[in-house]
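Engineer: Fold the stuff below for me.
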Amino acid sequence: MAKVKVFFVEDELIHAEAIKIAIDEAGFDCIGECNNADEAYDLIRKANPDVILVDIALPGINNGITLAQQISSELKIPHIFTTSFTQEQVMEQAVSTSPAGYLRKPVDPLNLKAAVKIAVGKGRIEQQQNEKAAKSEDALFTRVGDKLVRVNIDEILMVKADGDNCISLVLENRELSCRATLKEISSQLPDAFIQVHRSYFINLNHLDSYNERQQTAYLKGKNAPVARSFRKAFLNAIRKV
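Structural biologist: All right, here's what the predicted structure looks like:
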């Protein structure tokens, strides 16, 4: 089994040396270090560690808290604060970054081992939750009889209104009717869908051709009218495809 990869940011030499020893004694792989919050982000991004140890008090325009906020929001790598601080205000700011834990300096190898394992486990759970959420966003559920039927959004060719409170999801081999308005469903559609008529949204990923004379879009044997008021936006969109 591969060792857990740890990157740490610490500006005090005596603590940096102690952290390196603790990482080694805990059985982890120290893949990088930095002593400045302004330079740390790019190094962390390139190293791609499993866990990051961040000193709350770091020199530079940024500090440990602002660095942790950036890591958390952009890199999605769990971080653990190492600190000598006990001020309530500082700790409240640190909590806002959603750290996986805290370690008091000097860092003890046993405490480090436990904190890193918890952080790695938390990171994996969050990743699984994000993947699950992403998958659910790729589908719609519509009622057919007494069942809720899953429809993959990327398989939908177009969505058309069938009355005031009913729409049809048009796929290559079938159509499914839903009790919803076109406005309601449009908020759940990705950017690939564009409105071409007051009653139609089409999926540009399935657009085969557009007949300018007939003002009609063709998608895998299906067709949708392109109304004058939507034509300019439609033509601008297909030039970007």
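Engineer: alpha carbons only for contacts and neighbour counts from here, please
Structural biologist: Fine.
Engineer: Could you list the buried residues of stretch 210-230?
Structural biologist: By neighbour count on 16 or more other Cα atoms under 10 Å, the buried set for stretch 210-230 is 210, 216-219, 223-227.
Engineer: now for the residues you listed, which pair is the farthest apart?
Structural biologist: L219 and A227 (16.4 Å; Cα to Cα).
Engineer: which residues does the nearest residue to A115 once chain neighbours are set aside contact?
Structural biologist: Among residues not flanking A115 along the chain, G101 sits closest, at 6.2 Å (Cα to Cα, 6 or more residues apart in numbering). Residues in contact with G101 (Cα atoms under 8 Å, 6 or more residues apart in numbering) are 79-81, 115, 119.
Engineer: Tell me what G101 is bridged to.
Structural biologist: Beta-bridge partners of G101, counted by DSSP bridges, are I80.
Engineer: Could you measure from H15 over to K222?
Structural biologist: 67 Å (Cα to Cα, to the nearest Å).
Engineer: in which helix or strand would I find A217?
Structural biologist: Here A217, judged by DSSP states H and E, is contained in strand 216-219.
Engineer: that older thread, among the contacts of G101, name the buried ones.
Structural biologist: With neighbours counted by 16+ other Cα under 10 Å, the contacts of G101 contain buried members at 79-81, 115, 119.
Engineer: export those residues to a markdown table and tack on pLDDT and distance to T181?
Structural biologist: As requested, these are exported to a markdown table (pLDDT from 0 to 100; distance: Cα to Cα, whole Å):
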| residue | pLDDT | distance to T181 |
| --- | --- | --- |
| H79 | 94 | 44 |
| I80 | 95 | 47 |
| F81 | 94 | 49 |
| A115 | 93 | 50 |
| A119 | 89 | 44 |
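Engineer: ok, which pair from those residues is furthest apart?
Structural biologist: F81 and A119 (11.3 Å).
Engineer: can I see the domain layout of the protein?
Structural biologist: 5-135, 139-239 (automatic domain parsing).
Engineer: And stretch 10-21, what's buried?
Structural biologist: Going by neighbour count (16+ other Cα under 10 Å), the buried part of stretch 10-21 is 10-11, 15-16, 18-20.
Engineer: my bad, stretch 176-195
Structural biologist: Those would be 177-178, 180-182, 189, 193-195, for stretch 176-195 by 16+ other Cα under 10 Å.
Engineer: of those residues, closest to D50?
Structural biologist: Of all the buried residues of stretch 176-195, D50 sits closest to L189, with 34.0 Å by Cα to Cα.
Engineer: who's in contact with the closest one?
Structural biologist: Applying Cα under 8 Å, 6+ apart, we find L189 in contact with I153.
Engineer: Ok, I19 next?
Structural biologist: Residues in contact with I19 (Cα under 8 Å, 6+ apart) are 106-107.
Engineer: A18: which element?
Structural biologist: Counting by DSSP H and E, A18 is part of helix 13-25.
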